[in-house]
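J.: Sharing a model prediction with you, sequence too.
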Amino acid sequence: MAKTSVAVVMGGYSDESVVSLKSGALIYDSLSKERYDVHRVHILKEGWFYLDSQGQRYPLNKADFSVDLPSGKTLRFDVCFNTVHGRPGENGELQAYWDTIGQRYTGCDFYQSALTFNKKDTLAVLSKYGIPAAESFYIRKGEHYDFQVIVDTLGLPLFVKPNQSGSSLGISKVKTLEELPEAFRVAFKEDEEILVEKFLDGMEVSVGVVDLNAEPTVIGITEIVPESEFFDYAAKYEGKSQEITPARIDEATRCTIEQIALRAYRSLGMKGFSRSEFILCKGIPYMLEMNTNPGFSPQSILPQQARHYGISIEELCQGQVERALEKPKPHA
C-alpha cells in the first residue's frame, strides 16, 4: 500500500521566510518516514520549488501543485503541511489557492488565516466575544494623523506596530513624542497599515492551542521575559529572552487565560496550531494577536509547550497530517 505523500511547505515572501525555513526543516525531520513519503517544498519570491533528497530544485506546476520529475513521473501530494510564515501562507492566499485546485492542507481555512493576519480585524471580532484588547489607533499610510493627539489619548510609552506582519518585525516601543515619526517610518516599511497601541504594564504570556483529537486544547502558557524592553525579533529568534513554561501565575489566573484562549480559538473557527499573545494586566489577559502558523524552529515556543505537555514533536506533527486527511477534499 502506498504511503501518504506529504509536502512540508515552507518559506514565504516576507522577511519571516528565514524563520519558516527553520520551522519547515524541523517538521520535515519530525514526520515519520516509515509512515509518510515526506517532501520539501519552498515557496519563495523567486519561485515555487520542490527539493529532492539531494537538494536539487524543480519548479512546481502552479496549475495543480504537482512536480514533473526527470524520471518522467509526476509527483502529487496527499497533504500539504503549511508552515509558511507571513505571505502567502499565513494570510489566506495559499489556502484559497489550495481550495481552488482541490488540495488538502494542514491548519485553518483561508478565512481564519486572512482574518488573524490582520491584527485590527481580529481584535475587533474578538471584542464581540468579550475578549479585551489595548486601546489603539489604526492608521493607513498617507492618512492625516496628529502625533500630539495620539500621545494625549494613549499616553506614553506606547507601541507602534505593523497591522499585518509577524515575528515582531517593525515594532517600536515609543517613550517620547519625538520618537513617533521614526517608529511610524519603521512600521510603514513592513505594512501600509499600522496600529498604535496603549502600553499595558504587565506580564506577556504566549498561549498554545492545538486541536488534539478534534478537541481544542491549551498545551501551554509561557511567560515571556525579554532582555530588551519587549518581545522583539532578537528576543524571539536569537535567544534574547527567558521563556518560562509554565508561566509563574496562580491557578485562577491560569484558568482565566486558558478559557479566553479557547474562546478565541473556537469563536474564530480555528483549526490546527495557534499561538495567542496576551498581556496580563491586573489579572486581566488583554489579547495582542493570534498566530495561525507560529514558529516551529527548535527554539520556538509551541514546540517547547508541546514537550512540557507531554506530546512529542513527532506526535504533534503527525496529528496535524491526520486531521488534514480527515477533511473533505476540496473540489477543484
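T.: Looks like it came in fine.
J.: Show me the shaky parts of the stretch 201-332 of the chain.
T.: Within the stretch 201-332 of the chain, the stretches with pLDDT under 70 are 228-240, 330-332.
J.: ok now the helix ranked longest in the chain, how far from the chain's centre?
T.: Longest among the helix segments of the chain by residue count, using DSSP state H, is helix 251-267. Put simply, helix 251-267 sits 18 Å off its chain's centre (Cα atoms, centre = their mean, to the nearest Å).
J.: Remind me what it packs against, helices and strands.
T.: helix 119-127, strand 203-212, strand 215-226, strand 273-281, strand 284-291 (3 or more Cβ pairs under 8 Å, 6 or more residues apart in numbering; DSSP states H and E). Yep, even glycine has a C-beta here, placed from its N, CA and C like the rest.
J.: What pLDDT is listed against Asp37?
T.: In this model, Asp37 is scored at 98, pLDDT.
J.: any idea whether it is helix, strand or coil?
T.: Of the three states, Asp37 takes strand under DSSP: H, G, I helix; E, B strand; the rest coil.
J.: For it, list the residues it contacts.
T.: 2-6 (Cβ atoms under 8 Å, 6 or more residues apart in numbering).
J.: Name only those of the residues you listed that count as buried.
T.: Neighbour counting with 16 or more other Cβ atoms under 10 Å marks 4, 6 as buried within these.
J.: which one in the contacts of Asp37 is the model shakiest on?
T.: Ala2 (86).
J.: so when I look at it, I'm seeing a strand, right?
T.: No: per three-state DSSP, Ala2 lies outside any strand segment and is coil.
J.: how near is it to Val67?
T.: 17 Å (Cβ to Cβ, to the nearest Å).
J.: Any idea how many residues pack against Glu182?
T.: 12 (other Cβ atoms under 10 Å).
J.: name the element it belongs to?
T.: helix 180-190 (DSSP states H and E).
J.: C-terminal to that helix, what's the next element?
T.: strand 193-198.
J.: That following strand pairs with which strands, parallel or anti?
T.: strand 136-140 (antiparallel), strand 158-162 (antiparallel) (DSSP bridges).
J.: Deepest-packed of these, please.
T.: Of the strands paired with strand 193-198, the one with the most neighbours on average (mean count of other Cβ atoms under 10 Å) is strand 158-162, at a mean of 23.
J.: in the helix or strand that comes right after that strand, what counts as buried?
T.: Per DSSP H and E, strand 158-162 leads on to strand 172-174 as the next helix or strand towards the C-terminus. The neighbour-count criterion (16+ other Cβ under 10 Å) identifies 172-174 as the buried residues of strand 172-174.
J.: could I get the longest helix of the chain in CSV with only the CA atoms?
T.: Output in CSV follows, covering the C-alpha atoms of helix 251-267 (Å, rounded to 0.1, in the frame of the first residue of the first chain):
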residue,chain,number,x,y,z
GLU,A,251,-4.3,28.7,39.3
ALA,A,252,-7.2,31.1,39.0
THR,A,253,-5.3,33.3,36.5
ARG,A,254,-4.2,30.2,34.6
CYS,A,255,-7.9,29.1,34.2
THR,A,256,-8.9,32.6,33.1
ILE,A,257,-6.2,32.7,30.4
GLU,A,258,-7.0,29.2,29.2
GLN,A,259,-10.7,30.0,29.0
ILE,A,260,-10.1,33.2,26.9
ALA,A,261,-7.6,31.5,24.6
LEU,A,262,-10.0,28.6,23.9
ARG,A,263,-12.9,31.1,23.5
ALA,A,264,-10.8,33.0,20.9
TYR,A,265,-9.9,29.7,19.1
ARG,A,266,-13.5,28.5,18.9
SER,A,267,-15.0,31.8,18.2
